[in-house]
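# quick one: sequence plus predicted model below, questions after.
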Amino acid sequence: MAAKSDFKALLSMRSALASAMLLVASQVITAQIQPEYDAVRDFSIASNPNGVWSYGYLTQLGTPLILYTFSESKCVGGLSCWAQPGVPYPYLPAVGHNDTNQTFCFLTNCFAPKFLWSQPGYNGNLSVVRWTAPTPGKWLVSGAVMGEDCIYPTSTTFYMVLNTSQVLLTAPVKSCHLPLTFGDRLKLKAGDSVDFVVDWGPNHNTYGDGTGIQFGVSPVVE
């Protein structure tokens, strides 16, 4: 009984710490200039694709995107999501949105309101949010990625991929609620796609692999 009590106390302390760290992270992201296209602000479960945004998964890196066809307004508490159909709760792989204005935790994951939740599948499927260029030109892509689980903890790998096959960025996600920021300028044709991908990392399991992603895209004014 003492061990269980100690674990619950540790979980409570870590959840409180995670909430405080996520508040700081959210304030940092909010303070940045608002992009024209924002993955968090624009998220919707009404349709997929959703304008320039698409939500889906890959069977492995470099394979065609498979769109999610199942959406749920209450995946967990205040979290709406797109997910792979026919998979028992908690619907993995999946991409979700915190619909509240505060951080909340479920089990060992803590969800920030300024980040999407992205988690790979039990069999290694990669979770993807895709942005498709509406017009040709130069675009600034910037954002942040972080682990959302402090207990296991998160041990995923994040990729930014152009047109399915060209990997522009690879970053291991090991930190707990400490955002790793990224940015790039891209010259794109209309219809080019930029994928923000999360896999299950080097340990090849999805436990604790809730990953927060936040990014925006704006035209470069020269």
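Arrived safely.

# burial of residue 146, as a residue count?
Residue 146 has 24 neighbours, counted by other CB atoms under 10 Å. Every C-beta, even on glycine, is put in place using the N, C-alpha and C of the backbone.

# give the contact list for residue 61.
Taking CB atoms under 8 Å, 6 or more residues apart in numbering as the criterion, residue 61 is in contact with 126, 159, 161, 167, 197, 199.

# can you list the low-confidence ranges for this protein?
Scanning the chain for pLDDT under 70 picks out 1-33, 86-90.

# just give the nearest non-adjacent residue to residue 194, would you?
Of all residues not flanking residue 194 in the chain, residue 131 sits nearest, at 5.0 Å (CB to CB, 6 or more residues apart in numbering).

# tell me if I'm right that the one you found and residue 39 touch.
Yes - using CB atoms under 8 Å, residue 131 is in contact with residue 39, at 7.3 Å.

# okay, and the common contacts of these two?
Counting by CB under 8 Å, 6+ apart, the common neighbours of residue 131 and residue 39 are 53, 196.

# regarding the chain, what is its longest strand?
If each strand of the chain is counted by residues according to DSSP state E, the longest one is strand 137-147.

# now the element after that one, going C-ward?
Sequence-wise, the next helix or strand downstream of strand 137-147 (DSSP states H and E) is strand 156-162.

# and the particular helix or strand that has residue 80 in it, what's buried?
Applying DSSP H and E as the criterion places residue 80 in strand 79-83. Buried residues in strand 79-83, defined by neighbour count with 16 or more other CB atoms under 10 Å: 79, 80, 81, 82, 83.

# list the contacts of that strand.
Identification of contacts with strand 79-83 by CB under 8 Å, 6+ apart yields 43, 45, 48, 55-56, 68, 70-75, 91-99, 106, 111, 117.

# hmm, which of these are the buried ones?
The buried subset of the contacts of strand 79-83 (16+ other CB under 10 Å) comprises 43, 45, 48, 55-56, 68, 71-72, 75, 91-98, 106, 111, 117.

# inside strands: which ones of these?
With DSSP E as the criterion, strands contain 55-56, 71-72, 75, 94-98, 106, 111, 117 from among those.

# follow-up on the earlier one: reformat the buried residues of strand 79-83 as CSV; add distance to residue 186.
Below are the buried residues of strand 79-83 laid out as CSV (distance: CB to CB, whole Å):
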residue, distance to residue 186
79, 30
80, 29
81, 28
82, 25
83, 29
